[in-house]
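> structural data only, the sequence is not supplied:
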């Protein structure tokens, strides 16, 4: 049996023997300080979320009397009961869910169908189109020109105004194009020899091989639409078509009581309702992200593929 000692680590050369590592005093101090620092950052991040969650279950009197707490003295569920019984709240929640679902499908379809032909080096005019896509990464039209385009297309006060203006993210498009270029061309050529059309190759060969990147950008697009605040604020004037994010903003304004036009009850938990709506607006992302976190990492790796 042979042993090798390097610095503070000792390893054995015999097969099957576990490797033992010894850390120096400086390394242990660094690890301790690193853990304390990252733990402090995590604590600062989590504390506001816990406060909002606790405030959503607290009474109005407790919220007014206690500036900060992580556990309510008495759990109150009347705020959530009021929220889910109010037509404005339910309508905003359903609007957000519907726009997110439809918008994600539309954005994925347009992004993938545009990225696939751009991945073919023999496509005429490919370089020009790619340069135009990259141009939009650097220069944008701005709020006013975009608003004028949406208005002239007759999309104001429509749900499509929340989907179509941002239907294709140029950065995501370039990443998807790079992914398609890495797929085996032999599979596509074999499918064409068997009589498959270009659409058939795309839907029967390319998309089934692209499940990881589909999951990745489904999550990217869904999170972007769910958290979008500017689009409904600019393009939707009808309060019956507000999304949850706009409603959260209205409830945090000084005249929060006027944000709900359907208010017909004496009980109106203004402060608690703010916390509860923030919890409902944040909860879906917090629930889905841990299960799809690996796809975020895969998406970052895919973005490193070179042309």
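On my side now, so go ahead. What you see is a predicted model, and the numbers here were worked out from it, not measured in a lab.
> now stretch 218-233, how far from the chain's geometric center?
Mean C-alpha position of stretch 218-233 versus that of the full chain (CA atoms, centre = their mean, to the nearest Å) differs by 7 Å.
> now the end-to-end length of it.
One end of stretch 218-233 sits 24 Å from the other (CA to CA, to the nearest Å).
> buried residues, that stretch. List them.
Judged by neighbour count using 16 or more other CB atoms under 10 Å, the buried positions of stretch 218-233 are 218-226, 228, 231-232. No exception for glycine: its C-beta is placed from N, CA and C like everyone else's.
> could you dump those residues to CSV with secondary structure?
Listed next are the buried residues of stretch 218-233 as CSV, based on DSSP: H, G, I helix; E, B strand; the rest coil:
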residue, secondary structure
218, helix
219, helix
220, helix
221, helix
222, helix
223, helix
224, helix
225, helix
226, helix
228, coil
231, helix
232, helix
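> which one of the residues you listed is nearest residue 58?
Within these, proximity to residue 58 (CB to CB) peaks at residue 226, which comes in at 26.2 Å.
> number of residues surrounding the closest residue to the closest one other than its chain neighbours?
The shortest distance from residue 226 to any non-neighbouring residue, by CB to CB, 6 or more residues apart in numbering, is to residue 100 (4.9 Å). Using other CB atoms under 10 Å, residue 100 has 23 neighbouring residues.
> count of neighbours near residue 209?
By other CB under 10 Å, the residues close to residue 209 number 15.
> which strands and helices sit next to the host helix or strand of the residue nearest to residue 226?
If you go by DSSP states H and E, residue 100 is part of helix 87-118. Where contact means 3 or more CB pairs under 8 Å, 6 or more residues apart in numbering; DSSP states H and E, helix 87-118 is packed against helix 126-138, helix 170-181, helix 211-226, helix 244-251, helix 270-302.
> so which of these gets nearest residue 51?
helix 270-302 (8.4 Å).
> what's the closest residue to residue 180 other than its chain neighbours in contact with, if anything?
Excluding its sequence neighbours, the residue lying closest to residue 180 (CB to CB, 6+ apart) is residue 119, at 3.7 Å. The neighbours of residue 119, taking CB atoms under 8 Å, 6 or more residues apart in numbering as the test, are 177-178, 180-181.
> most neighbours, which of those residues?
Going by other CB under 10 Å, residue 177 tops these with 23 neighbours.
> domain parsing for this protein?
Using automatic domain parsing, the domain parsing of the chain gives 22-76, 79-302.
> in TSV: the contacts of residue 119, plus distance to residue 78 and pLDDT.
Shown next, in TSV, are the contacts of residue 119 (distance: CB to CB, whole Å; pLDDT from 0 to 100):
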residue	distance to residue 78	pLDDT
177	52	90
178	52	87
180	53	89
181	56	87
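> where are the low-confidence patches of the stretch 151-300 of the chain?
Scanning the stretch 151-300 of the chain for pLDDT under 70 picks out 252-269, 292-300.
> hmm, who's touching the one helix or strand residue 62 maps to?
Assessed by DSSP H and E, residue 62 sits inside helix 60-65. The contact list for helix 60-65 (CB under 8 Å, 6+ apart) reads 55, 69, 72-74, 269-272, 275.
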